[in-house]
Structures are given as structure tokens and as C-alpha cells.
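> After the sequence you'll find the predicted model.
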Amino acid sequence: MSSDKKFYITTPIYYVNDRPHIGHAYTTILADVLARYHRLLDEPTFFLTGTDEHGQKVAQAADKAGITPQDQADRTVVRFQELWEKLDITHDDFIRTTEDRHVIVVQKILQDLYDKGEIYKADYDGWYDVASETFVTERDREAAAPESRANIVRIQETNYFFRMSRYQEWLVEYINEHPDFIKPDYRRNETLGFLRKNLNDLCISRPKTRMAWGIELPFDKDYVTYVWFDALVNYISAVGYCSDDKKFKKWWPADYHIIGKDILTTHTVYWPTMLKAMNLPMPETIFAHGWWLSGESKMSKTLGNVVNPMEMIDRFGVDSFRYYLIAEMVLGQDANFTEDGFIRRFNSDLANDLGNLVSRVIKMIQSNCDGRVPVPDQAALDRAEEQELWNTVQQSADGLQESVRHMRLDNGLGRVISAVRATNRYLEIRQPWALARQEAKAELDTVLYMAAESLRVASALLYPVMPERMGILRRSLGIEKVDPEFDSLRKWGGLRSGTYIRSPGSLFPRVRMHVSSEKGIKGNTGPDAGCVDKNKIKSADRMEEELKEKPEGVFDVITYDDFARVHMRTAKVMEAERVQGANKLMKLNVMMGEERRQIVAGIALYYEPDDLIGKTVVVVANMKPAVIRGVKSEGMVLASIKGESLRLITIDGEQSTGAEVK
Ligand code: MSP
């Protein structure tokens with residue numbers, strides 16, 4: 001499918017104050033996967049990433065390390081570049097904001113805006129949060145946690161301001177008229193909510209006397225530029241703004257700025273107003289994804305729970321790490337990173353479903369077809385099972401394409417793994433091993449060809465997520481064009497009969513699991529990875545099997561009257577504390593209308609007490625009171641539970657407490 005469309009995608013540029021962690025890795029892998037899918041769709045693609053090297057945060061880190069900010073940047077940028085290489089990131093450019101090609105453009109823009117009267121000088125008196133490099137209000141400062149408050153400093157000085165406020169009305173209108181501009185929709189609403197308050201002008205300078213690590217203002221040598229005014233410009237300086245008109249016309253506006261939800265305002269308010277002042281077109285979509293949490297808590301250095309991507313890659317391999325991150329996160333929402341979750345998904349999707357299919361098909365072709373792709377029997381291919389399987393495979397390609405468009409990669413990958421499962425089921429039905437015993441050669445060849453074709457398509461669809469492993473698989477199937485083309489997916493018969501196939505080795509050796517009472521299941525991909533210690537893994541495996549076998553959608557039917565006996569009400573959590581001596585239990589104090597209730601809930605493994613305060617939850621109000629671990633409980637809170645994850649049912653938007661839920 002060739003198209004005239006181009007695809008320009010960016011990641012945020014990362015601060016060089018510290019080494020990269022899983023959050024940075026995630027955004028970059030996501031952008032890489034999207035770039036690779038668009039290349040597969042034959043769209044000319046430009047994928048940009050880089051580092052944000054100026055500003056107070058970097059200057060402070062350098063200070064702490066006793067080196068210059070430039071040294072700090074030079075040392076840290078290598079860590080990002082090395083990680084991207086290890087993660088198979090296919091960026092077309094890597095921009096550093098200390099590079100001349102960027103500095104020149106920032107200064108040119110500043111001068112132009114200054115000349116046009118978009119920038120003026122005035123006194124500033126307010127609060128500045130060094131951690132996020134943004135100005136905050138008195139209210140924000142008061143609401144900040146004590147450890148964050150330490151990073152919020154008072155600034156009283158003369159500075160330069162960008163007339164951002166004059167674009168407020170225009171921006172609201174633009175966002176309203178362009179539903180795809182900010183995605184997902186709830187982030188769009190968040191920005192619109194922010195724009196309901198008066199928008200201030202943006203302070204875009206720092207006097208060198210206080211902070212000299214930045215790009216000098218071209219019209220006042222005593223100042224440097226505010227780091228965000230500098231950083232956002234990378235999206236245009238890298239594609240030739242003010243330096244290469246042809247290149248700039250080819251790529252700008254960007255199709256996607258992929259960002260984390262933490263930097264929504266800078267991207268959806270500062271950046272569009274800056275572009276408007278420069279008279280440049282807006283990016284098509286700013287997409288904010290959620291956060292990776294460590295278990296249920298925010299990753300933080302102080303908690304010591306930051307996942308190190310290098311370590312994960314060393315233990316589990318690049319491709320499975322990429323696959324897990326993309327398959328696990330519903331784009332937009334937060335996701336929990338747990339090692340158990342990782343191993344479960346790896347073993348189920350990759351080792352069991354895909355890995356088994358690969359080894360079955362390749363082994364059977366090797367031992368029954370002289371190691372060459374067999375010739376299928378045309379008539380046999382018209383049978384219902386074969387047609388149905390091919391339809392499923394085709395639909396997985398359609399589903400994945402749709403999911404790329406709608407940013408639901410988790411769904412898309414699910415469709416592909418379903419097609420893999422359907423192929424395994426097909427083999428169970430057709431029993432090629434029995435056909436081999438019966439020497440039913442023509443039938444056997446058809447079945448193996450069918451399964452291998454399905455693998456060919458799956459390997460192409462999964463290639464953008466797992467380029468290394470799928471590359472090996474494709475080569476082993478004798479496919480010459482390892483880098484797939486979407487077009488070829490639609491066509492039956494991509495595998496050439498007679499081509500020699502090779503064993504790809506064990507693509508996804510099952511991760512051995514130990515059950516330890518303390519920490520749950522731990523993975524091991526050491527030298528003995530893939531060998532199964534039956535005694536140790538039995539219960540973990542059984543758990544998995546039970547999960548699989550549990551029939552879905554089979555319920556006891558109840559009448560409306562049965563349901564109506566349960567009285568559910570909204571309630572606001574006023575206080576929360578852990579129940580002493582019971583690691584799963586949390587004691588909540590909630591207001592349900594005028595009534596205060598105490599509820600003991602089994603949610604303490606999933607929430608911190610502070611996370612709960614202020615949430616409006618749903619309570620079963622007519623539960624018979626009970627005493628749990630010596631603590632009285634007067635109701636039950638509702639939550640959604642699947643496998644290892646538990647999320648409270650909360651009320652979307654404003655609703656008074658004590659309201660009925662039906
Ligand atoms: N330098 C700015 C961005 C400037 S873009 C013009 C910045 N840098 S950062 O190093 O702090 O990176 C922030 C980005 O890292 C987030 O927007 C997000 O993409 C990613 N993540 C950091 N932690 C994260 C998680 N825990 N989970 C997912 N991604 C998060 O902000």
C-alpha cells in the first residue's frame with residue numbers, strides 16, 4: 001500500500017541530569033514501533049529523538065558531580081545513545097540542544113519574536129519548580145508534597161516575557177475545532193480545563209547571574225533562554241527550520257509528538273502558542289501516554305523502585321522487553337510494571353503461543369518435507385478450516401493496522417497473538433503428526449504450508465515490535481525480504497514452495513519460574529533458562545492454567561430484583577491508613593452524604609494511603625458490618641480485579657457523595 005502521506009514522529013528530548021530509566025525507554029520504544037509500522041505501510045517516515053541539555057536541572061546535576069554542565073551533558077548523552085542502540089531504536093536523527101544547528105535556530109526565533117513585539121521585558125515575582133522546570137502558582141506550591149516543595153524556589157527579578165496570553169482564545173478555538181490535536185480525549189479536556197483560567201504571559205529568560213547554563217538571548221547578553229522555550233524548538237530545528245526549507249516543507253508539521261502525561265501543558269499550551277506567534281502550522285497530534293508505575297507506586301529514586309531498562313534487557317532480551325512494554329500498556333493510561341507480570345506475559349504469549357508454533361512448524365517441515373517449504377494442495381486449501389484460519393490471519397493484519405491508527409497497540413498485538421493461537425488450534429484439529437504417521441503426504445503438506453504462511457504474516461506484523469527475533473524467524477522461513485512490506489501480507493502464498501528453511505533456535509525460551517513465599521514468582525534467563533524445573537514451577541504453572549481455563553462470560557443469572565437488593569453509593573475517602581499487622585488491608589474513613597463510615601478494604605498492596613484521599617469511590621452501603629482483623633468495617637468498596645492488578649472503581653467527574661449507583 002503505497003501512499004503520498006509522510007510520517008514525522010518525535011519523542012520528548014530527555015534531560016541529561018541522570019541516566020535513562022524505563023519511562024524514557026518506553027516513550028522511545030513506542031515512537032520506534034509506530035515509526036516502524038508506518039515504514040511498513042510504505043510511508044516516508046522521519047523519527048526524531050534527542051536530549052534536552054540546558055536548564056537548571058542539568059546545571060544542578062553537574063554542580064553535584066563537580067563537573068561543567070557541558071561535561072555532564074556529554075557524559076549522560078552517551079548513556080541514552082547506547083540504550084537506544086541496544087533497544088534497536090531506528091531514529092533518523094538525534095538532536096542535542098547544545099548543538100549549533102539548534103542554538104542558531106532558537107536565537108533566530110527569539111530575535112524574530114522580539115522584533116515583532118511578541119517578547120517584552122518586565123519584573124517577575126513568583127515560584128519556580130526546578131524539578132519540572134516550570135513556573136507554578138502559590139496554590140501549586142502549597143499543594144506540593146514536602147519533598148517536592150524543597151525544589152520550588154522564589155524568583156524575583158527582571159525578565160523577558162512571551163505574550164502567550166494573547167493566544168488564549170485562539171488556542172481554545174483551535175483545540176475545539178481539531179479533535180485529533182490532543183489525544184487521548186481526556187488529556188484534551190485537561191488542557192481545555194487549564195485554559196479556563198486566565199493564561200499568563202510566559203517568562204522566557206533567566207539572568208545569567210542566577211543561571212548561566214542556557215542559550216543566550218540574542219538581544220540581551222545578560223540573559224539565557226528558559227529551557228522549555230529552547231527545548232520545544234528541537235522539533236523544528238532538527239527538520240531544517242531556518243536552515244533547509246526543502247527538508248522543513250517535507251516534514252513539518254509533525255504527525256505525532258509522543259509525550260508522557262507529565263509534560264502536557266508545555267506541549268499543548270506553550271508549544272502551539274509559540275508556533276502561532278511564529279506563523280507556523282500546528283502539529284497534527286500531541287499524544288500523551290500514561291506512566292509506568294513500579295507495582296502500584298510511582299517510580300522514584302528515593303523509593304529505590306526505578307526499573308533499569310539495561311538490566312531488564314540483559315536478563316530477558318531486548319525484544320521481549322519491547323513486546324511487554326507495548327503489549328501491556330493501554331495507551332493513555334498508567335500501567336504497572338511488575339516482574340511477575342512480565343514473566344507471565346512472556347511465557348504465555350511468546351514462549352507458549354508463538355514459540356511453540358514456530359518450533360512445531362519448523363521441526364515438522366524439517367522432518368517431513370526435506371527441510372523445504374512444502375507445496376499445498378489447492379483443493380484442500382478451500383476447506384472451511386483453512387479458509388477460516390486465513391481469514392483470522394488477514395483480520396489480525398487489519399486489526400493491527402487499525403490499532404496503529406487508533407493508538408491501541410495493545411489490542412493490535414492481542415489480535416496477532418490470537419491468530420497465532422488460532423494456528424495452534426488449527427494444528428490440533430488437523431493433527432499433522434498423525435498425518436505424518438499415516439503417510440498422508442498431500443494433506444500434511446497443505447497443513448504445514450498453511451501454518452507456515454500464518455507464521456509468515458505474524459512475523460511481519462510483530463516485526464516492528466520485535467525486530468531481532470522476528471528477523472531471525474523470517475530468515476529461517478527463507479523469506480528474502482526480512483524487512484516486511486504491508487502489501488505482501490494481504491497476498492496468499494508469500495512463502496515460496498521449495499525454499500529451504502532453517503531452525504531459528506529457541507526464539508523465546510520459557511522463563512523459569514521459582515515460587516518463593518516472599519516475593520512471588522521470579523524469573524531466570526540464565527544458562528538454564530528454558531529448562532523447566534517441574535517441582536518448582538508447578539504451582540505457578542497451574543495458576544496460569546487455571547487462569548486460562550476459567551470460563552469467561554459464564555455467570556449465574558440474576559433478576560433485577562436480586563441486583564436491586566445491593567445498595568451502592570458514592571463516597572469520598574477522607575482518611576486512609578494501613579491496618580497494622582495485615583499487609584493487604586487498608587482502613588478507610590469515607591463520607592457517604594452526611595454519613596461517615598469506616599471500611600476495611602483489601603487494597604493495601606495496590607495503593608498508598610495518600611493516593612486514596614480525595615477519591616470518590618463506590619461503596620456497597622448495605623453490607624452487614626463485620627470486624628476484620630479487629631477493625632470494624634461498615635461496607636465494601638468496589639474494584640476491578642484481573643490477575644495481579646486491582647483498580648478502584650471511581651467516579652468520573654463531579655458527583656456529590658451518597659449518590660446512588662445503579
Ligand atoms: N526535557 C523534557 C522534555 C522536553 S520535550 C521538548 C523532559 N524530559 S524528561 O527526561 O523528564 O523526560 C520526560 C519523559 O519521559 C516523559 O514525558 C515520558 O515520556 C517519559 N517518562 C518519564 N518517566 C516515565 C514513567 N514512569 N512512565 C512513562 N514515561 C515516563 O520532560
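Great, that's in hand. Here the structure is a predicted model, which is why all the values come from computation and not from measurement.

> from here on, contacts and neighbour counts on C-alpha atoms
OK.

> Against the ligand, how distant is T616?
With the distance defined as Cα to the nearest ligand atom, to the nearest Å, T616 ends up 25 Å from the ligand.

> next one: Q655
Counting by Cα to the nearest ligand atom, the gap from Q655 to the ligand is 30 Å.

> Can you give me the neighbour number for that residue?
12 (other Cα atoms under 10 Å).

> The protein against the ligand: which residues are in contact?
Taking Cα under 6 Å from any ligand atom as the contact definition, the chain meets the ligand at 12-15, 23-24, 27, 52, 231-232, 259-260, 262-263, 291-293, 299.

> surely P44 meets F7?
Yes - counting by Cα atoms under 8 Å, F7 is a contact partner of P44 at 6.1 Å.

> Show me which of those two is the more surrounded one.
F7 (22 against 18).

> Spit out the residues that contact P44 and F7 alike.
Common contacts of P44 and F7, defined by Cα atoms under 8 Å, 6 or more residues apart in numbering, comprise H38.

> Can you tell me the element A122 falls in?
Secondary structure assignment for A122, by DSSP states H and E: strand 119-129.

> what residue ranges in the stretch 51-200 of the chain score low on pLDDT?
Scanning the stretch 51-200 of the chain for pLDDT under 70 picks out no residues.

> what about the helices in it?
For the stretch 51-200 of the chain, helices defined by DSSP state H, counting those that start in this stretch occupy the ranges 56-65, 69-86, 100-115, 138-143, 146-149, 168-177, 185-194.

> okay, these in TSV with mean neighbour count and distance to R629 next?
Below are the helices of the stretch 51-200 of the chain laid out as TSV (neighbours: other Cα atoms under 10 Å; distance: least, Cα to Cα, whole Å):
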stretch	mean neighbour count	distance to R629
helix 56-65	18	47
helix 69-86	18	48
helix 100-115	18	62
helix 138-143	12	34
helix 146-149	12	33
helix 168-177	14	52
helix 185-194	16	40
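
> right, so of those, which gets closest to R421?
Proximity to R421 (Cα to Cα) singles out helix 69-86 among the helices of the stretch 51-200 of the chain, at 30.0 Å.

> just to revisit the earlier point, restricted to helices, list the residues of the chain next to the ligand.
The helices, defined by DSSP state H, take in G23, H24, T27, A231 from the residues of the chain next to the ligand.

> Please look at the third one and H257 and confirm they touch.
Spelled out, that is T27. No - using Cα under 8 Å as the test, T27 is too far from H257 to be in contact (10.5 Å).

> Can you pull the residues that touch both of these two?
With Cα under 8 Å, 6+ apart, T27 and H257 have common neighbours T11.

> Just give me the neighbour total for Y606.
Y606 has 18 neighbours, counted by other Cα under 10 Å.

> what's the distance between the residue nearest to L477 when sequence neighbours are not counted and the ligand?
Once flanking residues are discounted, L477 sits nearest to I501: 5.0 Å by Cα to Cα, 6 or more residues apart in numbering. The gap separating I501 from the ligand is 40 Å, by Cα to the nearest ligand atom.

> backbone phi and psi for I501, please?
As for I501, its main-chain torsions (degrees, to the nearest 10) stand at phi -110, psi 160.

> My understanding was that it contacts V373; is that so?
Yes - using Cα under 8 Å, I501 makes contact with V373 at a distance of 6.8 Å.

> More neighbours: these two, which one.
V373 (24 against 21).

> Name the residues of stretch 333-343 that come out as buried.
Of all the residues in stretch 333-343, those buried under the rule 16 or more other Cα atoms under 10 Å are A335, N336, F337, T338, E339, D340, G341, F342, I343.

> how about the second one, what does it touch?
Looking back up the chat, that one is N336. W292, L293, S294, G295, E296.

> now these in TSV, with distance to D180, neighbour count and pLDDT?
Below are the contacts of N336 laid out as TSV (distance: Cα to Cα, whole Å; neighbours: other Cα atoms under 10 Å; pLDDT from 0 to 100):
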residue	distance to D180	neighbour count	pLDDT
W292	24	24	92
L293	27	20	90
S294	30	19	81
G295	32	20	71
E296	30	20	70
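
> Out of the residues you listed, flag the one nearest to the ligand.
W292 (3.8 Å; Cα to the nearest ligand atom).

> I'd guessed the closest one sits against T338; true?
No - using Cα under 8 Å, W292 is not in contact with T338; the gap is 9.9 Å.

> Now for I95: which residues touch it?
Going by Cα under 8 Å, 6+ apart, I95 touches L48, T49, G50, T51, H102, N234, A238.

> Who is it paired with across the strands?
The residues listed as beta-bridge partners of I95 by DSSP bridges are G50.

> Next, the buried residues of the strand holding A122.
Per 16+ other Cα under 10 Å, strand 119-129 contains these buried residues: I119, Y120, W127, Y128, D129.
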